[in-house]
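# What shape does this take:
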Amino acid sequence: MAFESSRSSGDTARSLAMVNYGLLFAAVFFAGVPALIAVIIAYAQRDNTPPAIRSHHDFQIRIFWVAFSLTLAAGVCFLALLMLGLSSLVEFSQVNGIHGWDTVTLDLSRLTIDGTMIGLIVGGIVLSSLSLIWLVAAPAFGFIRLASERGIGQSA
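Next comes the predicted model:
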């Protein structure tokens, strides 16, 4: 009977790890909120699980932090691009002048896209793409390893 209860708790831990991989994958479609739930579960459960399942919880935590870092870096690129663009617009509006809300004119003919803007656009797109690929590929890899009853970092 004791064997059955330990087997049951191992199955529960394995099922929870599978759910976490699903949450990490779903984070792509729901602005990262499921990933936050998954990492909280992984942190809470990793000390109470067998070593093979613990390796999956550690991997899920790693998936979250890598995706968070890539997304944060992409956000910084896009924010810097926005600030650079807004500062250019403010500079142009001061030159042209604003004579009341009904006569606001904005001359964008002098707005130039320089190397900094292009670098920020490319950097933001590349970092966002890497985050997307990571949040699709890494949970799929972990799920496959878990479904085949192998831990992360263990050979076949």
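
# doesn't Ile63 make contact with Ala138?
Yes: here Ala138 reaches Ile63: they are 4.6 Å apart, a contact under C-beta atoms under 8 Å. Just so you know, the C-beta spots here come from the backbone N, C-alpha and C atoms, and that holds for glycine as well.

# who's in contact with the closest residue to Ser128 other than its chain neighbours?
Distances taken as C-beta to C-beta, 6 or more residues apart in numbering put Ala74 closest to Ser128, at 4.4 Å, once the chain neighbours are dropped. By C-beta atoms under 8 Å, 6 or more residues apart in numbering, the contact set of Ala74 is Gly123, Gly124, Ile125, Leu127, Ser128, Ser131.

# try it again with 6 Å
Gly124, Leu127, Ser128 (C-beta atoms under 6 Å, 6 or more residues apart in numbering).

# Could you give the separation of the one helix or strand it maps to from the chain centroid?
In the assignment (DSSP states H and E), Ala74 maps to helix 51-96. Centroid separation for helix 51-96 versus its chain: 9 Å, with C-alpha atoms, centre = their mean, to the nearest Å.

# Neighbour count for Ala138 and Ile63, which is higher?
Ile63 (26 against 20; other C-beta atoms under 10 Å).

# From Ile152, how far out is the more buried one?
10 Å (C-beta to C-beta, to the nearest Å).

# Check Ala42 too.
12 Å.

# do you know how far Arg46 is from Gly142?
14 Å.

# what residues are up against Val66?
Trp134.

# Quickly note the distance from Ser87 to Val122.
Ser87 is 20 Å from Val122, by C-beta to C-beta.

# Quick test: name the residue nearest the centre of this protein.
Of all residues in the chain, the one closest to the mean position by C-alpha atoms, centre = their mean is Ala67, 3.5 Å from it.

# Show me where this structure dips below the pLDDT cut-off.
1-9, 90-111, 154-156 (pLDDT under 70).

# picking that back up, between Ala42 and Ile152, which has more neighbouring residues?
Legend: neighbour count by other C-beta under 10 Å for Ala42 and Ile152, higher for Ala42 (25 against 18).

# before we move on, which element is that one in?
Assigned by DSSP H and E, Ala42 falls in helix 33-45.

# tell me which residues in that helix are buried?
Across helix 33-45, burial judged by 16 or more other C-beta atoms under 10 Å covers Pro34, Ala35, Ile37, Ala38, Val39, Ile41, Ala42, Gln45.
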